[in-house]
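*Asks:* sequence plus predicted model, see below.
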Amino acid sequence: MRKKTIIAWKFRLINGLLWWRKKVMITVSSNAKEYISRLMSDHQAQPGAFVRVGVKSGGCSGLEYKLDFDTVEKEGDQVFEDKGVKVVVDMKSLLYLYGTELDYSGGLNGKGLTFNNPNASRTCSCGESFSV
């Protein structure tokens with residue numbers, strides 16, 4: 001059975017005409033794409049490897065982000081692709097991650113992948129946990 005990619009359609013009324021565009025649920029910044037590509041080559045990721053993103057209980061704000069490389073899609077996984085990066089999310093985590101951008105930060109506060117999550121009402125100072 002072929003997996004389906006969930007895409008939201010954003011509708012807008014402009015000058016009396018109805019316009020729409022596809023909106024991918026999880027996006028990847030250009031910086032994150034470069035960083036992920038570099039990590040995959042440095043760790044000699046298996047062919048067909050993708051980024052698995054999820055949410056679990058924990059952290060100082062109540063929920064923590066999970067981020068791994070994986071090669072096996074599980075039942076109920078939702079698949080997205082942005083800028084050539086395949087991102088897979090389980091359905092439960094998708095509820096918390098809708099509209100999130102995966103970005104790369106190389107600043108003084110630490111470098112690595114960060115989550116720009118519009119659903120987070122509160123985050124901890126390290127950025128690894130959040131609440132909604």
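*Replies:* Thanks, I have it.

*Asks:* pLDDT below threshold where in the chain?
*Replies:* Residue ranges of the chain with pLDDT under 70: 1-24, 59-61, 107-110, 121-132.

*Asks:* ok, which stretches of it are helices?
*Replies:* Ranges of helices in the chain, per DSSP state H, are 30-42, 91-97.

*Asks:* buried deepest among the ones you listed, which one?
*Replies:* helix 91-97 (a mean of 17; mean count of other CB atoms under 10 Å). Glycine gets a C-beta too; all of them are placed from N, C-alpha and C.

*Asks:* and it, what does it pack against?
*Replies:* strand 50-57 (3 or more CB pairs under 8 Å, 6 or more residues apart in numbering; DSSP states H and E).

*Asks:* neighbouring strands for the strand it packs on, and are they parallel or not?
*Replies:* Counting by DSSP bridges, the strands paired with strand 50-57 are strand 63-70 (antiparallel), strand 85-89 (parallel).

*Asks:* turn those into JSON lines, columns for mean neighbour count and distance to Gly48.
*Replies:* Shown next, in JSON lines, are these (neighbours: other CB atoms under 10 Å; distance: least, CB to CB, whole Å):
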{"stretch": "strand 63-70", "mean neighbour count": "16", "distance to Gly48": "10"}
{"stretch": "strand 85-89", "mean neighbour count": "21", "distance to Gly48": "9"}
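
*Asks:* out of the ones you listed, which comes closest to Asp77?
*Replies:* strand 85-89 (5.0 Å; CB to CB).

*Asks:* now Val72: how far from Thr114?
*Replies:* For Val72, the distance to Thr114 equals 26 Å [CB to CB, to the nearest Å].

*Asks:* those two - which one has more neighbours?
*Replies:* Thr114 (20 against 10; other CB atoms under 10 Å).
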